[in-house]
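Enquirer: sequence plus predicted model, see below.
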Amino acid sequence: MAKKVFKFRVDAGKATPGPPIGQALGPTGVKTPQVVSKINELTKKYMGMKVPVKVIIDMATKEFEVEIGQPSISSILLHEIGKTNGVGKPGVAGEATAGDISLDNIIKIAEERAGSFTASTFKGAVKTILGIAASVGLTVNGKKPKEIVTELDSGAHDQLLSKGEIEFEAKRAKW
């Protein structure tokens, strides 16, 4: 018999056998508490974030596999500042910001996620993350992300980016 694939987005380390997981897996005959336990074990390193999860069930044997995706960049950014949500209308005059993150943290995230970017340079990857930071209402080193992008374009942070550029190229070569 075929395999069935189920996709969920769960709170890392806090999945439960209730809906939507239990509701979806119940009819398959697989032991939902075992699946949930495996999901929680594999996602605990992302505590405080939502994580995409894929559960693959062999319908003949009732054996299952759990694959964990990576949290979104926006989730990682918000997690770094201790929040779960951004602001409603980022960049609108009078709208509060979600918080402030350092350029060092932005660079660290770009280094960690190097293989998942379509950007051809490390600077491009950092600029992509700055765009995401703007979209959730973050400031970077107390400035609007657009200002940091302008600084990057002028070469102001080239020394800070140089180490990440080497690692970025190595990871992209593997990818």
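Expert: Here it is on my side, so go on.
Enquirer: drop to CA atoms for contacts and neighbour counts, all remaining ones
Expert: Will do.
Enquirer: need phi/psi at residue 57.
Expert: Main-chain torsions, residue 57, degrees, to the nearest 10: phi -120, psi 130.
Enquirer: these two touch, right, it and residue 63?
Expert: Yes. Using C-alpha atoms under 8 Å, residue 57 is in contact with residue 63, at 5.9 Å.
Enquirer: can you list residues touching both of these two?
Expert: residue 30 (C-alpha atoms under 8 Å, 6 or more residues apart in numbering).
Enquirer: so which of those two has more stuff around it?
Expert: Per other C-alpha atoms under 10 Å, whichever of residue 57 and residue 63 has more neighbours is residue 57, with 22 against 13.
Enquirer: now the strands for this protein?
Expert: All strands of the chain, identified by DSSP state E, fall at 3-11, 50-58, 64-68, 99-101, 138-140.
Enquirer: so for stretch 61-79, mean pLDDT?
Expert: Average pLDDT, stretch 61-79: 92.
Enquirer: can you get me a residue count around residue 27?
Expert: So residue 27, with other C-alpha under 10 Å, has 8 neighbours.
Enquirer: can you redo the strands of the chain as CSV with distance to residue 74?
Expert: Formatted as CSV, those follow (distance: least, C-alpha to C-alpha, whole Å):
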stretch, distance to residue 74
strand 3-11, 15
strand 50-58, 11
strand 64-68, 17
strand 99-101, 12
strand 138-140, 10
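Enquirer: which one of the ones you listed is the most hemmed in?
Expert: Highest mean neighbour count of these: strand 138-140, a mean of 24 (counted as mean count of other C-alpha atoms under 10 Å).
Enquirer: helices or strands next to that strand in the packing?
Expert: Strand 138-140 sits against strand 99-101, helix 145-153, with contacts defined as 3 or more C-alpha pairs under 8 Å, 6 or more residues apart in numbering; DSSP states H and E.
Enquirer: picking that back up, mind checking which of the strands of the chain is nearest residue 42?
Expert: strand 64-68 (7.0 Å; C-alpha to C-alpha).
Enquirer: that closest one pairs with which strands?
Expert: Here strand 64-68 has these sheet partners by DSSP bridges: strand 50-58 (antiparallel).
Enquirer: understood, closing this out.
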